[in-house]
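Asker: Provided below are the primary sequence and the corresponding predicted coordinates.
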Amino acid sequence: MSSGQRSPHKMLSTTITDELQLSNDGKSKVISISLKDRGAILPGGHMSDGSYWYDSSTGNFITSSYYQKELPTWVANFNKKEYVKTLVKKGWSTLLPIEDYTESTTDSQTYEKVFHHKNDAVFPYEFKNLSNEEQYEIFQETPFGNTIVAQLAIEALNNEKLGQNTETDFLAISFSSTDKVGHAFGPYSIEIEDTYLRLDRDIATILKQLDEKVGPDNYTLFLTADHGSTDVPQYLINKKIPAGYYDADAMLSKVNTRLAEVFNVKNLIEVMSNGQFFFDLDAIKTNKLDFNKVSEEGKKEILTMKGVFQVLLRPDLEKMEYSEEEKGMVQRGFHTKRSGDIVVLFNPSWTKEREYGTEHSTGYSYDTHVPLLWYGHKIPKGSSTKKYSITDIAPTISMLLNIKFPNACTGKPINELFKN
């Protein structure tokens, strides 16, 4: 079995929204919206009444025939208004005077993305002379990608009459432009600071609509993030802080060369993806090689490479139990049928080599420390510095909704939210 034949990526467990609808035979309504397909599909769950995401080739929001054969009228009408063209043609200038962006580096750093029609990463950004296709693509890397998601969410609130019935409805909104701008310009850029200032206003607009349409004490709002990010490694290097880049293709080539020398079989590793090496299992079987020996030899070679501090092998991840934070995270995220055969952990602030911006996907605090904000109905005033896991979100929301936990839930409810 080659890596290309491994288990397909299907959502295997129920979601909060699935359990909500199962609790009342589908009487609750679930709508999910995002720029990204996965940002709409995963929160919406298997039983979503409508999941919509952005198509960068047309500038429209689309869905899948899994949910419905055609878009509802309100989404189709939203697309006809061509909000994307209106927003992008205005260009992108800072919301505040640029000297007020005191939490950012100065404008235009060498490691920031330069849009193909510009010579530098400096405000203002003008997009009106670009083709429609170029505008649709660049739009996602501006704060206005969040704005249009907020606008569509308000349309969903009004047209689907969410919160207007006796059963609890669920509106899931995923703002993805923060991710895309962060990747392109880094966490200390003026671009990302401006994006968050504008997102704050977009969220305020949604809250105002919820107050007007549903009532100030008739909804519960929860906000989090799927990850953080590392500082741009080059920025840290410039500040004399240890950081670096690894070349995934070079690593793959070097390991395959070593394995070929030892086992006399070329390309035993098919691909390196997200810090994981995937073996050609057919080649190992055909050549009657010992999987464990191939793995150990690969591990020895990888450990000689710059920036690597730990290498975990499939047999160990399947049989051993790691309690250490970093190794434990890898193991909890390891899927026997989907994950790679060798998992590489890099030093702090090391990312995959890229032309600009930064990455994420490590177990370090800069990637895993995300907000857990709760507001509205049933939420007491207060704050907590106690450490919680992101897996605690699902059971907490389930308790607030008085429904079963999702069937693969591993977290625990956040006690502070239930002190009343």
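Answerer: Structure's in. What do you need?
Asker: make it CA atoms for all contacts and neighbour counts henceforth
Answerer: Will do.
Asker: wait, isn't Lys266 in contact with Lys254?
Answerer: No - Lys266 is beyond contact range of Lys254, at 11.6 Å (criterion: Cα atoms under 8 Å).
Asker: Show me which of these two is the more surrounded one.
Answerer: Lys254 (16 against 13; other Cα atoms under 10 Å).
Asker: Tell me who's in contact with Ile237.
Answerer: Contacts here follow Cα atoms under 8 Å, 6 or more residues apart in numbering; on that basis Ile237 touches Ala243, Gly244.
Asker: Wait, a strand at it?
Answerer: No - read with DSSP: H, G, I helix; E, B strand; the rest coil, Ile237 is helix and lies in no strand.
Asker: Quick check: buried residues in the helix or strand of the chain with the lowest mean pLDDT?
Answerer: Ranking every helix and strand in the chain by mean pLDDT, DSSP states H and E puts helix 325-332 at the bottom, with a mean of 87. The neighbour-count check on helix 325-332 (16 or more other Cα atoms under 10 Å) flags Lys327, Val330, Gln331 as buried.
Asker: neighbouring contacts of that helix?
Answerer: Against helix 325-332 from outside (Cα under 8 Å, 6+ apart): Leu317, Glu321, Tyr322, Gly363, Tyr364.
Asker: likewise stretch 165-183?
Answerer: In contact with stretch 165-183 (Cα under 8 Å, 6+ apart) are residues 17, 27-36, 39-40, 43-44, 140-146, 149-150, 153, 157, 162-163, 191-192, 195-196, 229, 357-359.
Asker: Tell me which entries of those lie within helices.
Answerer: Secondary structure defined by DSSP state H assigns 17, 39-40, 43-44, 144-146, 149-150, 153, 157, 191-192, 195-196 of those to helices.
Asker: can you tell me which two in these are farthest apart?
Answerer: Thr17 and Glu191 (33.8 Å; Cα to Cα).
Asker: Could you tell me which residues within stretch 13-32 count as buried?
Answerer: 14-22, 26, 28-32.
Asker: and the two most separated of those?
Answerer: Leu22 and Ser32 (17.2 Å).
Asker: what helix or strand does Trp74 sit in?
Answerer: helix 73-80 (DSSP states H and E).
Asker: After that helix, which helix or strand is next? Please name it.
Answerer: Assigned by DSSP H and E, the successor of helix 73-80 is helix 83-89.
Asker: Can you list the helices and strands that that next one packs against?
Answerer: Packing partners of helix 83-89 (3 or more Cα pairs under 8 Å, 6 or more residues apart in numbering; DSSP states H and E): helix 132-139, helix 144-159.
Asker: and the nearest residue to Gly50 once chain neighbours are set aside, what does it touch?
Answerer: Among residues not flanking Gly50 along the chain, Ile31 sits closest, at 4.9 Å (Cα to Cα, 6 or more residues apart in numbering). Taking Cα under 8 Å, 6+ apart, we find Ile31 in contact with Gly44, Ser48, Asp49, Gly50, Ser51, Ala156, Phe170, Leu171, Ala172.
Asker: ok, the second one touching Gln68?
Answerer: Translated: Ser48. No - using Cα under 8 Å, Ser48 makes no contact with Gln68, being 10.1 Å away.
Asker: who's more crowded, the two?
Answerer: Ser48 (23 against 12).
Asker: Let me know the secondary structure of that one.
Answerer: Ser48 ends up coil, using three-state DSSP.
Asker: Need the residues that contact stretch 364-382.
Answerer: 216-230, 326, 348, 360-362, 400, 417-420.
Asker: List the buried residues in that stretch.
Answerer: For stretch 364-382, using 16+ other Cα under 10 Å, the buried residues are Tyr364, Tyr366, Asp367, Thr368, His369, Val370, Trp374, Ile379.
Asker: average pLDDT across that stretch?
Answerer: Mean per-residue pLDDT for stretch 364-382: 93.
Asker: coming back round to it: would CSV of the contacts of Ile31 with pLDDT and distance to Ala184 be doable?
Answerer: What follows is the contacts of Ile31, written out as CSV (pLDDT from 0 to 100; distance: Cα to Cα, whole Å):
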residue, pLDDT, distance to Ala184
Gly44, 97, 28
Ser48, 97, 32
Asp49, 97, 33
Gly50, 98, 30
Ser51, 98, 27
Ala156, 98, 30
Phe170, 98, 32
Leu171, 98, 29
Ala172, 98, 25
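Asker: how about JSON lines for those, with distance to Leu130 added?
Answerer: As requested, these are arranged in JSON lines below (distance: Cα to Cα, whole Å):
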{"residue": "Gly44", "distance to Leu130": "34"}
{"residue": "Ser48", "distance to Leu130": "36"}
{"residue": "Asp49", "distance to Leu130": "36"}
{"residue": "Gly50", "distance to Leu130": "32"}
{"residue": "Ser51", "distance to Leu130": "30"}
{"residue": "Ala156", "distance to Leu130": "30"}
{"residue": "Phe170", "distance to Leu130": "38"}
{"residue": "Leu171", "distance to Leu130": "34"}
{"residue": "Ala172", "distance to Leu130": "32"}
